[in-house]
Every structure is written in C-alpha cells, then in structure tokens.
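> Let's see this in three dimensions:
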Amino acid sequence: MVEDVELPPWASGPDDFLQKSQEALESQYVSEHLHEWIDLVFGYKQKGSEAVAAHNVFHPLTYEGGVDLNSITDPNEKVALLTQILEFGQTPKQLFTIPHPRRIIPKLKSLSRTSSHSVSIAESPVSPNEESFEDLTEESITLAWNNIAKLKLDEQYKIHKEAITGIAVTCNGSSVFTTSQDSTLKMFSKESKTIQRSVSFSNMALSSCLILPGDTTVISSSWDNHIYFYSIAFGRQQDILMGHDDAVSKICWHDGRLYSASWDSTVKVWHCVPGETLSNKKHHFELLAELEHDVSVNTIDLNAANTILASGTKEGTISLWDVTTATVLHQLPCHSGTLFDAAFSPDSRHLLSAGEDCCFKVIDVQTGMLISSVTTDEPQRCFKWDGNTILSGSQSGELLIWDLLGGKIIERIKGHTGAVMSMWINEQCNSVITGGEDKQIMFWKLQY
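As a prediction, the model looks like this:
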C-alpha cells in the first residue's frame, strides 16, 4: 500500500488526478511533441554530441555496452560495478540514429467534449474560429480518403496516339499537361475541353513531366536521354539538360533541385538556376550528386521533408538515400522483376512499392525492414496512398481501392481498356486524373 502521497494543487482528489493525467498524456500537445521524447530516450539525441547539446547525458555505466562485465576477473570489482549499475539504472537501447518523424494528427479542437476536466475554449491554444488553412486541408484529406471508394468517372478524352506516361496540373486546375510514348507533350484545357498545345521535342517517347512552382515551366523527361524545359508563358522549348547516357525514366523537383532517374543506372541531383525569362539566357545546371545503382532505375520519390530519396530498379531493388550526404541508408531486394512505382506515406515513416511480381511491399523507412506484403491478382502500375488506403491503377485498366492493413480490395472501379500508366491526385485528394495505355485521360471525382 502506498501512503502519504501529496497530490498537486490542481488535483481535487485521486480520481481527478488520474483523469487529468490521462487527458494530458493523450493531449494534442503531447502527440505533437512525442517524437522529441523518442529522440531523447531511444533516438539520435541519446548519445554523442547531440545528447550533449540537449543536456541528455548520464553516467557512462548506464549505457548499453558501457562496460564489459564478462571481461572483469576480479569479483570485488565486478560486484562494485554491478552495484553502481543497479543504483544508476539502465539507459534503454538506442534504436534510431536520425530524427524520428513527427506524428501527423489533426489540429482542430473538438467542441463536443463533455468531460468536466476539458480545457475551456478560452484556454484552448487554437480557437474554433481560428482554424488554419492547414487544419482544414487535413480534415478534407481525411474525409476524402474515408470516401475514396465513391470515386466516379466524370470525363474522359483520347488525346494521344500512344500510352500516356505522365500527368501534371497547374495550381488552379485549368490546364492539364500530359506526356506520352508518342513523343509529345500536350496541354489540355479543362474549361474548353480541347488540346491547346502539342509539342514534340524529339522522336523518342516522353516518360514523365512536372510543373515548376509558379506555373511558368513544364519539365519533361525523355527516352532520348534528355530532360526538356518548356515555357508555358512563351509556348516554346526553353532549355535542354543532356545529363544521362540512357533513357530518363522519372524526375522530381524541390527547391531549385532536380532529381532525375535513368536507365543508365543512376539518379542525378542537379541544382538549376533559371535563366532570365525575357532573354535568350539558358538555365545553369550544376551536378550536385550522382547516386549509382547496379541496374536501370525505373522510379524515384522524395519524402515530405525532402531529406530522403527512394529509388526503385528494374530488378526490384529499393534503395533509400540520404539526400544531404548522397549516401545510401538502406537497400533491399523487394520485388522479383521491374518495380513500377514507389511512394512515401504522408508522415514519411513508410514506403510503399508496386512491381510486376503482383505485390505491394511496405518498408519501414527508419529501419529499412520489409514489414508488409500484399499479393495482387495482377500488376499494379501506379498508385496513390494515405498510409492506410491505396488507390491503384492496374494492368487491366481498373482502379482498385485497397485496405492495406487487411490486405484486401475494398472496391473495383471500371476504368481504362489497357494498363493505367500514370495517376495524379489533387491536394485535397478529391479529384483524380489517370492516363492509360488506351491513350485516354480520365477525370475522376469523389461523390459523397
């Protein structure tokens, strides 16, 4: 029995103390800062210079491996050390050596709490009338993924002569850019429902595209080993980057850096300084890093913090790279055959991949371990996911909704008459565009 316990002034009694302690541990603030505690106790701030900077240093005997008791032959010395260890306690095993991801949670405060111990609206850090745009976006995204099985075909257009390989959309959603194996980049107007521009850079297939911030430039990757910059404002090819020795399969962009994957077995990181828009000056490209692989690289993706890059090869290997140091963090053979698509979860804790071996694979980013595998009836060529639910485009043209935890299909949606080759989803996750082997783009909307 525990006696003589003095409760803090804010607790009116034992039950009140337990209730308030529980609410504090389950509070918004604790959830938002949980990763900081993990960093101190199990993570990169447990040892070394980071621990010193965080004032998180303990007696050397408390750390795992601090002393090898088996090597001590003097029984008196061994007993003395064991006594000290028992007195100081034991520091947990260090599990992580890089910062732990922050937990992704809704920030909106509930107004429907009935507990008498709830924080009043006046005391709440976030007023119900002051929800940020970010909060509302998180709410809408959650709502969309909860209803993703209600996706309905809105419009469809045959705009290319061969399979569609890439889709990019301007910020206002008015213009849709697509790349195709017919070697063209096309600009489709949502308003007029017509093709407004069609550009061919060479006679080789284009493999992917993206729009730079500001909606001024479209970048396209090509099987001719080059990357093309197209000015939307001036309607012409702005520049060309000849940086690979084989087809460029996928490109990503963040903060002035271009990441290009190629069948020449490399992923290259470029610093791009744009030329003056109204002059003939070209972009300046500086090669910052070259990430070497053993075989052709088919796809890449960046995590939300743009600190880790994932690459997938034609032999099914996944590699996770530290973007800052250009070093490989983890590498593991995931699929037997070509890896079609790979993407980080929104919280960057997991990586999902799909391959021609008819499997989804989930990797824990922190440890590099394969933690889940889901078998599919046919290859899934592309997908989007929220960390739990997957929207995938299949080899046969269907859109499939998957419950990842249950490893089962929630919904099958009839779509293209050939493989779904590319997929785009808006920020709110309630509008989807797919491009197919049947040369069509299809516009999908959620109907709640």
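> From here on, just use CA atoms for contacts and neighbour counts.
Will do.
> tell me which element Glu87 falls in.
Assigned by DSSP states H and E, Glu87 belongs to helix 75-88.
> helices or strands up against that helix?
Under the contact definition 3 or more CA pairs under 8 Å, 6 or more residues apart in numbering; DSSP states H and E, helix 75-88 sits against no other helix or strand.
> can you give me the mean pLDDT across the helix or strand following that helix?
Helices and strands here follow DSSP H and E; after helix 75-88, the next one along the chain is helix 133-146. For helix 133-146, mean pLDDT is 77.
> residues making contact with the next helix or strand after helix 133-146?
Counting by DSSP H and E, the next helix or strand C-terminal to helix 133-146 is strand 151-158. The contact list for strand 151-158, computed with CA atoms under 8 Å, 6 or more residues apart in numbering, reads Gly415, Asp438, Lys439, Gln440, Ile441, Met442, Phe443, Trp444, Lys445, Leu446, Gln447.
> which of those count as buried?
The neighbour-count test (16 or more other CA atoms under 10 Å) marks Gly415, Asp438, Lys439, Gln440, Ile441, Met442, Phe443, Trp444, Lys445, Leu446 as buried among the contacts of strand 151-158.
> Centre of the chain to the helix or strand hosting Ile371, how far?
Per DSSP H and E: Ile371 is located in strand 369-375. Per CA atoms, centre = their mean, to the nearest Å, the displacement of strand 369-375 from the mean C-alpha position of its chain is 17 Å.
> Can you name the next helix or strand after it?
Following strand 369-375 in sequence order, the next helix or strand is strand 380-385 (DSSP H and E).
> can you give me the offset of that next one from its chain's centre?
For strand 380-385, the distance to the chain centre is 13 Å (CA atoms, centre = their mean).
> One more: stretch 41-51?
Per CA atoms, centre = their mean, the centroid offset for stretch 41-51 relative to its chain is 26 Å.
> got it, and stretch 377-389?
The answer for stretch 377-389 is 14 Å, by CA atoms, centre = their mean.
> Under the pLDDT cut-off, which ranges of the stretch 251-400 of the chain? List them.
274-283 (pLDDT under 70).
> for it, what spans make up the strands?
Along the stretch 251-400 of the chain, the segments classed as strands by DSSP state E, counting those that start in this stretch run 257-262, 266-273, 284-292, 297-302, 308-313, 317-322, 327-333, 339-344, 350-355, 359-364, 369-375, 380-385, 389-394, 399-403.
> can you redo these as JSON lines with distance to Ser12 and mean neighbour count?
Shown next, in JSON lines, are the strands of the stretch 251-400 of the chain (distance: least, CA to CA, whole Å; neighbours: other CA atoms under 10 Å):
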{"stretch": "strand 257-262", "distance to Ser12": "57", "mean neighbour count": "23"}
{"stretch": "strand 266-273", "distance to Ser12": "60", "mean neighbour count": "20"}
{"stretch": "strand 284-292", "distance to Ser12": "61", "mean neighbour count": "15"}
{"stretch": "strand 297-302", "distance to Ser12": "51", "mean neighbour count": "26"}
{"stretch": "strand 308-313", "distance to Ser12": "49", "mean neighbour count": "26"}
{"stretch": "strand 317-322", "distance to Ser12": "51", "mean neighbour count": "21"}
{"stretch": "strand 327-333", "distance to Ser12": "51", "mean neighbour count": "15"}
{"stretch": "strand 339-344", "distance to Ser12": "47", "mean neighbour count": "25"}
{"stretch": "strand 350-355", "distance to Ser12": "44", "mean neighbour count": "25"}
{"stretch": "strand 359-364", "distance to Ser12": "44", "mean neighbour count": "21"}
{"stretch": "strand 369-375", "distance to Ser12": "46", "mean neighbour count": "15"}
{"stretch": "strand 380-385", "distance to Ser12": "47", "mean neighbour count": "25"}
{"stretch": "strand 389-394", "distance to Ser12": "45", "mean neighbour count": "24"}
{"stretch": "strand 399-403", "distance to Ser12": "46", "mean neighbour count": "21"}
